[in-house]
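1. coords below, sequence missing:
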């Protein structure tokens, strides 16, 4: 599981900061999460392969989270894309994007499939044999979802040394890999668990931006491996949270602590602050470990 942060700052783009967009690589998928202005330039800058992006998840219809989408869709067309592109986002996203395409007479030459969301409860929106994606309903000024990406448990792997120790013949190995028990030379059954190794613990990633402090998300993200949570403000500006429906770094840390997250990544910083290190320092008074998202930063969570 690997995360590439293309942009993680609030409000308008600047020459040295970009609005929200991330690429999550998980179980051979390359998921694009939000698509703020300039996302396709960032994709090129950090050498992310456009052709591997088949699913795009848009949290809400504020410009700093989806204004880059029409351009990216058009670029896919110019690059000769022919395979499906799935877009998951709030109801209205299909109308917004297709209006761009209609007025510009630039319909895609590939299938563009919209999955419009309007439920206020967490729901499963993507699943295959390796990964599930659920919405995480958030509280913002417009209808907003975070997303929880979860690996499915991998099959157990054959422990060749254990098989030899128990005298299990190689001819049984494929059946054991598929879950069957083994049989030793004397004809005694050897339980599958004694001949296989536990799979790695499945990893999960929760993307929660933008939102005010919201404990109702805790059951959905409980025990998450990595939590990305917006931290637009520091506690000195907590009075702005109710009006803007954003969170402070300390509030993000409180959510991480109550969710029993293994790692908290902060982002969506207001550009009023001179340094993002203040966010980490504030959050660490409540929870650890804390890391800071920044444009171009890559987090590798291992195999």
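-> Yes, it's here. The shown structure was predicted, so the numbers you read here are calculated from the model rather than taken from an experiment.

2. what about the helices in the protein?
-> Using DSSP state H, the helices of the chain run over 39-45, 63-66, 69-78, 93-103, 160-166, 173-177, 192-195, 218-221, 241-244, 249-259, 277-283.

3. now the angle from the fourth one to helix 69-78?
-> Orientation of helix 93-103 against helix 69-78 (axes from the mean of the first three to the mean of the last three Cα atoms, to 10 degrees) gives an angle of 60 degrees.

4. average pLDDT for helix 93-103?
-> The average pLDDT within helix 93-103 is 96.

5. elements contacting it?
-> Using 3 or more Cβ pairs under 8 Å, 6 or more residues apart in numbering; DSSP states H and E as the contact test, the elements touching helix 93-103 are helix 69-78, strand 112-117. (Each C-beta comes from the backbone N, C-alpha and C, glycine too.)

6. in the stretch 1-150 of the chain, which ranges drop under the pLDDT threshold?
-> For the stretch 1-150 of the chain, no stretch has pLDDT under 70.

7. For it, which segments are assigned as strands?
-> 2-7, 21-26, 29-33, 53-57, 85-90, 112-117, 124-127, 131-137, 145-151 (DSSP state E, counting those that start in this stretch).

8. go on, the stretch 201-303 of the chain?
-> For the stretch 201-303 of the chain, the strands defined by DSSP E, counting those that start in this stretch cover 204-208, 226-230, 263-267, 290-292, 298-300.

9. Contacts for the second one, please.
-> In other words, strand 226-230. By Cβ atoms under 8 Å, 6 or more residues apart in numbering, the residues outside strand 226-230 that reach it are 1, 3, 22, 203-211, 221, 246-247, 252, 255-256, 259, 261-268, 293, 299, 301.

10. what does the last one give?
-> Contacts to strand 298-300, defined as Cβ under 8 Å, 6+ apart, come from residues 2, 3, 4, 5, 46, 226, 265, 291.
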